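# Turn this into a structure:
(one chain, ligands or ions: 2)
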Amino acid sequence: MLTTLRSIVLEFSQNAELDSALCRMVSQIKQAMNTDCCSIYLADHHKQHFLLMASDGLAESSLGRTTIGFTEGLIGLVGQREEPLNIANAQYHPQFIHAPEVEEDELNAFLGTPIIHQRKMLGILSIQQKQARHFTENEEAFLVTLSAQLAASLANAEVNGVLDRQDTNGHWKKKLQGVAGSSGISMGEMFVVYPQANLTKISLQRSDNTPLEIQRFYDAVIKTRADFEKMTLKLENIITDNALDIFEVYKQLLDNANIGKEVVNKIKTAWTAESALKQVIDSYIIQFEALDDPYLRERGSDIRDLGNRLLLNLQKSNNGTQQLPDKFILVAEEVTASMLAQYQHKGLKGIVSLAGSNNSHAAILARALGVPAIMGIDNIPLSRLHQKEGIIDGYSGELFIQPNEGLQREYQHLIAEENLLADKVKQVEKLPAITRDGQAIELHLNAGLSAGFEHSQNSGALGIGLYRTEIPFMNRSCFPSEAEQTTLYQQVLSAFPKQSVTMRTLDVGGDKSLPYFPINEDNPFLGWRGIRITLDHPEIFLLQVRAMLRANVEQRNLEIMLPMISSIVEVDEATRLINQAYYELSAELTLADGEKLPRPKIGIMIEVPGIIYQLPELASKVDFFSVGSNDLTQYLLAVDRNNARVADLYDSYHPAVLRALNLIAEQSAKSLIPLSLCGELASEPAGALLLLAMGYDKLSMNPHNIAKIKWVIRHVDFKDLKSMLAQVLTLTTTKQVHSYLNEQLEQFGLGGFVRAGM
Ligand code: PEP
Ligand code: MG
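Ligands and ions are numbered 1, 2, ... in the order given. The predicted structure follows:
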């Protein structure tokens, strides 16, 4: 049954035309469930009704015509109750409505299940039978499972539908909604960068140039064969003949008589080479996975491997011919930090990432670069965005494709307003962050993108509050040496002479990975991350700390910060290693007479909620605390910061998070330990004002926000902020907090920032 279910869902998701996909699907379900009728109704939320889209069993003339109101009939009842309805004789049910045009007089038994995606009702799937009987539990379970699995594909089809709806000038009428990743507006040509060969990520696409697609496929086959030849030669002396047989099998499969032939036949039915390959490989995998023999079942993964290798060569042929526009919006399945580094100086002016959410590191980097970004737009066929004009609204998370002139004018106007606001706040860039009644707070920078440095020095910050060292570790093929790290850290420290520079030790894991140090875990954010990795690898930690200490000999402005601390033991262990590096270097270096190697302050990040209960003990061990509100929010609320599906639940203004932040401030004040916050909350007007009221000494943020936050702070009175905080701490829901804070900002005369979404 599982195989039937999988193949129905897969076939549905592969069919690019919704109407034919639905027709095929209802027939397959009818046959699999051995019943007399299967139908699917799609919800139209504007018109508040379900439309009968496809049926095998009801009158053909009613398809695409018959509608049932959201509160009418049995279909309406399934929709209202959002649960399956299993009735032995539908005709006797009080809510049954007789619709003569569908010709269902002979059908008695009825089972309907809702199709719901992310709480949205997409439609109803029903089966009916002449014999009056209750469908069995197994039948009900099958239909429920099928509906749940279909939901994502149907939502996908809905999005594709959006892409198809163009007006006569080729403008798309609708927008796509994602998560706002980095504020700002950007307009321009979209440029799609494809993921490394992965068939599961390919969205099906039609082609009107069959000969070209066939040629591309043949070229890819030739290259793939050559790859296998090379691999065989390389491995011949290393592994046994038996193991090398797999390459022979691969080569045979590529033959015209096997997979190769099927792919070509598929291309001939007007698919691109990639789409044809995906469909053929997927159908093979399903067949293999259905086999009982575990050995043969495993062969499915060989087929997948072969398919991905072919795809890689197809993609290479595409990329070679692509010309990067002067200015462009980068679109990718998952925009990574290294992609940003690669395209940053090549005309990058906006980002659309299908994966990720507003606190993914790619989004944080986009904010650091001041590039508008939209994250987590699920289900868009990437290829259809390539070289199209787009507007990114990084405040609302909306993406407009081929916008019409009216919309373009509207957004040009918004960009002009945004520039005015930016010019206005720039006036206070070099002034101190101090309230009208004299309460001051230090503003520091978050840094780590070396390329952002020229700009950072003039941002009006008092130093670097967070230097993320992992970024320079990312765009490489191995760990940097002590000497390389020393040179880099020297540049950073000397860019801010006489101002403190807080360097965080390596914080990889979670959504930041190093290509040369892969970590595969089911729960990466709860796994081997940050200090956990570096304590397990003292050789990496010691090397980094030695490089930091060495770099600090001249400037003497270094502070070291430890990420992801979750216990006192980790602090003790890390301090022991830092001391070890300090004594080793003191012995190795020859300093000027009487001069000692400077000893940096050591601080910890407060990101793991557990340590909030050990702050007094921790305060006696380190020199400062810095709250990482990005992670603290994700761990307090148990919401993955990288998952767009739960983006609505991730909110640093959740009353629990605000109360925790306030508690940290109270405890730190009692222990007389300096406290800063370096998460994204610090760069938001309402967040910064609340933190100032709580008593935080220092806020650290990306350079683009310093002037804005100074402006906001310089236009309020501390006493008003204290009352605002007192009131906020009594509120019980995130929504209440947001609406109260928006009101307050309006009252302070700062409504422009709220309306601009800044
Ligand atoms: C944080 O968690 O708030 C933080 C500043 O660190 P990162 O975003 O790099 O995890
Ligand atoms: Mg963090």
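# Correct me if wrong, but F50 is in a strand.
Yes - assigned with DSSP: H, G, I helix; E, B strand; the rest coil, F50 falls within a strand.
# how far away is the spatially closest residue to S586 that is not a sequence neighbour from ligand 1?
The shortest distance from S586 to any non-neighbouring residue, by Cβ to Cβ, 6 or more residues apart in numbering, is to L597 (4.7 Å). Just so you know, the C-beta spots here come from the backbone N, C-alpha and C atoms, and that holds for glycine as well. Distance, L597 to ligand 1, by Cβ to the nearest ligand atom, to the nearest Å: 28 Å.
# what number of residues lie near L597?
Using other Cβ atoms under 10 Å, L597 has 18 other residues around it.
# Now do the SS call for it.
Under the three-state scheme (three-state DSSP), L597 adopts coil.
# Quick one: residues contacting it.
Taking Cβ atoms under 8 Å, 6 or more residues apart in numbering, we find L597 in contact with L549, V553, Y582, L585, S586, L589, L591.
# just E617 next, same as before
E617 is in contact with I568, counting by Cβ under 8 Å, 6+ apart.
# Which stretches in the stretch 51-200 of the chain count as helices?
Secondary structure of the stretch 51-200 of the chain (DSSP state H, counting those that start in this stretch): helices at 73-81, 137-164.
# Tabulate the CA atom coordinates of the first one in PDB.
Extracted C-alpha coordinates of helix 73-81, given in PDB (Å, rounded to 0.1, in the frame of the first residue of the first chain):
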ATOM      1  CA  GLY A  73     -23.500  19.600   1.700                       C
ATOM      2  CA  LEU A  74     -21.200  16.800   2.800                       C
ATOM      3  CA  ILE A  75     -18.200  18.400   1.100                       C
ATOM      4  CA  GLY A  76     -18.800  21.600   3.000                       C
ATOM      5  CA  LEU A  77     -19.200  19.700   6.200                       C
ATOM      6  CA  VAL A  78     -15.800  18.000   5.700                       C
ATOM      7  CA  GLY A  79     -14.300  21.500   5.100                       C
ATOM      8  CA  GLN A  80     -15.900  23.000   8.200                       C
ATOM      9  CA  ARG A  81     -15.000  20.200  10.500                       C
END
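# which helices and strands does it pack with?
Here helix 73-81 touches strand 49-56, strand 67-69, strand 85-87, strand 109-117, strand 120-129, going by 3 or more Cβ pairs under 8 Å, 6 or more residues apart in numbering; DSSP states H and E.
# Average pLDDT for the last one, rounded please.
Strand 120-129 carries an average pLDDT of 94.
# Tell me the strands beside it, with direction?
Within its sheet, and counting by DSSP bridges, strand 120-129 is paired with strand 37-44 (antiparallel), strand 109-117 (antiparallel).
# would you turn the ones you listed into JSON lines with distance to F217 and mean neighbour count?
Converted to JSON lines, these look like this (distance: least, Cβ to Cβ, whole Å; neighbours: other Cβ atoms under 10 Å):
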{"stretch": "strand 37-44", "distance to F217": "34", "mean neighbour count": "22"}
{"stretch": "strand 109-117", "distance to F217": "34", "mean neighbour count": "24"}
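# which one of these lies closest to ligand 2?
strand 109-117 (31.3 Å; Cβ to the ion).
# C-alpha coordinates for the closest one, CSV please?
What follows is strand 109-117, C-alpha atoms only, in CSV (Å, rounded to 0.1, in the frame of the first residue of the first chain):
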residue,chain,number,x,y,z
ALA,A,109,-21.2,5.2,0.8
PHE,A,110,-19.2,8.4,1.2
LEU,A,111,-15.7,9.1,2.6
GLY,A,112,-14.3,12.6,2.4
THR,A,113,-11.0,14.0,3.7
PRO,A,114,-9.8,17.6,3.8
ILE,A,115,-6.6,18.6,2.1
ILE,A,116,-4.9,21.1,4.3
HIS,A,117,-1.5,22.8,3.9
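# Could you verify my assumption that E11 touches M25?
Yes - contact criterion Cβ atoms under 8 Å: E11 and M25 qualify, at 7.4 Å.
# Compare these two and say which is more crowded by neighbours.
Ranked by neighbour count (other Cβ under 10 Å), E11 and M25 place M25 first, with 23 against 17.
# which parts of stretch 175-184 are buried?
Residues of stretch 175-184 classed as buried by neighbour count (16 or more other Cβ atoms under 10 Å): K175, L176, G178, V179, A180, G181, S182, S183, G184.
# wait, I meant stretch 600-615
Buried, per 16+ other Cβ under 10 Å, within stretch 600-615: P600, I602, G603, I604, M605, I606, E607, V608, P609, I611, I612, L615.
# Let's see which of these end up in strands.
Judged by DSSP state E, the buried residues of stretch 600-615 include I602, G603, I604, M605, I606 as members of strands.
# Please tabulate those in CSV, including the columns distance to D522 and pLDDT.
As requested, these are exported to CSV (distance: Cβ to Cβ, whole Å; pLDDT from 0 to 100):
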residue, distance to D522, pLDDT
I602, 33, 98
G603, 31, 98
I604, 27, 98
M605, 24, 98
I606, 26, 98
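# In terms of helices and strands, where is I329?
According to DSSP states H and E, I329 maps onto strand 328-332.
# That strand packs against which elements?
Helices and strands touching strand 328-332, by 3+ Cβ pairs under 8 Å, 6+ apart, are strand 185-193, helix 337-343, strand 348-353.
# worst average pLDDT in those?
Sorting the helices and strands packed on strand 328-332 by mean pLDDT places helix 337-343 lowest, at a mean of 75.
# by contact count, what packs against that helix?
Contact analysis of helix 337-343 by 3+ Cβ pairs under 8 Å, 6+ apart lists strand 328-332, helix 361-369, helix 470-474 as its packing neighbours.
# Determine which of these approaches ligand 1 most closely.
Of all the helices and strands packed on helix 337-343, it is helix 361-369 that lies closest to ligand 1, at 5.7 Å by Cβ to the nearest ligand atom.
# ok, residues contacting the following helix or strand past the closest one?
Using DSSP H and E, the helix or strand that directly follows helix 361-369 along the chain is strand 373-375. Residues outside strand 373-375 that contact it (Cβ under 8 Å, 6+ apart): 178-182, 335, 350-353, 355-358, 360, 362-363, 366-367, 392-394, 397-399, 644.
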